[in-house]
Structures are given as structure tokens and as C-alpha cells.
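Asker: Sequence plus the predicted model coming up.
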Amino acid sequence: MPPVFHMIAGAPDPVAPFSHAVEDDGWVFVTGQMPFTGTSLDSPYPEGIEAQTHQVMKNLETVLAGCGLGLGQVLSARIYLTHFDADYEAMNAVYASYFAPGRRPARTCIGVTGLAKGARIEIDLVARRDAAGARR
């Protein structure tokens, strides 16, 4: 079957030409989410890395839910930080609260010089749909 290109109602509008997620053979690749507090690209970001991390995770949960998934199906995450040294510890404390110890995804965290719309953080995910719950 061909890939499914998901656009999720209630998720922030894309900042560039992309789908919220692309699914193929049970694998779901979730585009990096920004800390928009609404669906509009003009929505403000919350202040500080803790609040921005919570908002990014909320936006990721919205996209996953729109695909019929949750954080329990996430296998890998990539995190991008514009203020790596200043934000790494605080971001980790928030991020860790979303996953049970012993069930945390593989992860890469990268310091970058900039993110779209001036965000301090962006996170993308790879999830896997259970074979019994395969969607097509």
C-alpha cells in the first residue's frame, strides 16, 4: 500500500510545506513540532524552555492522537535546542516526565543555531503502530 500523509485537525499549521506525519508499513514519522500554543503560525510561544518543552510535547501528542497513536508507541526522538547549554537540563526534566522509566525512546539531542519562528526547541518522533493496529 502507498504511504499515508497525515494532516491532523487541531495540530499547529505547518511552518513549511510538509505533512504532520507520514506513515508507511506501520512506521509513523512525525514532523518536528514547535511550541505554538494554538494552530496558527502567529500563535505565541510560551516563555522559557520548560513551558516550550511542555507545549511541544502537547503538540506531538495531538499529532500522534490524530494518527491513532500515543507516546507509548514512540521509538525514537530527535530534539533540537537553540540554547543547548542553558536549556539542556531543564528540557530533560520536562521531557523525562512524558515517558515511563525503562520505556524511554532512543533519542538524539542537537544544539542548533536557529529554529523556525524563533523557537528554543523542536522535537520530531518516529513511532511504530502495533501489527494488530495497522492502519491503511
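Answerer: Alright, I've got the coordinates. Numbers count the residues shown, from 1 in each chain.
Asker: Ala77 contacts Ile123, correct?
Answerer: Yes - taking contacts as C-beta atoms under 8 Å, Ala77 lies within contact range of Ile123: 5.9 Å. All C-beta spots, glycine's among them, are computed from the backbone N, C-alpha and C.
Asker: got a list of what the residue nearest to Ala21 when sequence neighbours are not counted touches?
Answerer: Counting by C-beta to C-beta, 6 or more residues apart in numbering, Ala21 lies nearest to His6, which is 4.2 Å off, once chain neighbours are set aside. With contact taken as C-beta atoms under 8 Å, 6 or more residues apart in numbering, His6 is in contact with Ser19, His20, Ala21, Val22, Glu23, Val28, Val63, Gly66, Cys67.
Asker: What residues are bridge-paired with the closest residue to the first one other than its chain neighbours?
Answerer: Ranked by C-beta to C-beta, 6+ apart and with sequence neighbours excluded, the top spatial neighbour of Ser19 is Phe5, at 4.3 Å. The partner list for Phe5 in beta bridges (DSSP bridges) reads Val22.
Asker: per-residue pLDDT, Phe5?
Answerer: At Phe5 the predicted local confidence, pLDDT, stands at 97.
Asker: Do I have it right that Arg103 meets Leu71?
Answerer: No - counting by C-beta under 8 Å, Arg103 stays clear of Leu71, with 9.3 Å between them.
Asker: more crowded one of these two?
Answerer: Leu71 (18 against 9; other C-beta atoms under 10 Å).
Asker: per-residue confidence for the more buried one?
Answerer: 96.
Asker: How much space separates the residue nearest to it when sequence neighbours are not counted from Gln55?
Answerer: Spatial nearest neighbour of Leu71, chain neighbours left out: Tyr98 (5.8 Å); criterion: C-beta to C-beta, 6+ apart. Remark: distance between Tyr98 and Gln55 (C-beta to C-beta, to the nearest Å) = 12 Å.
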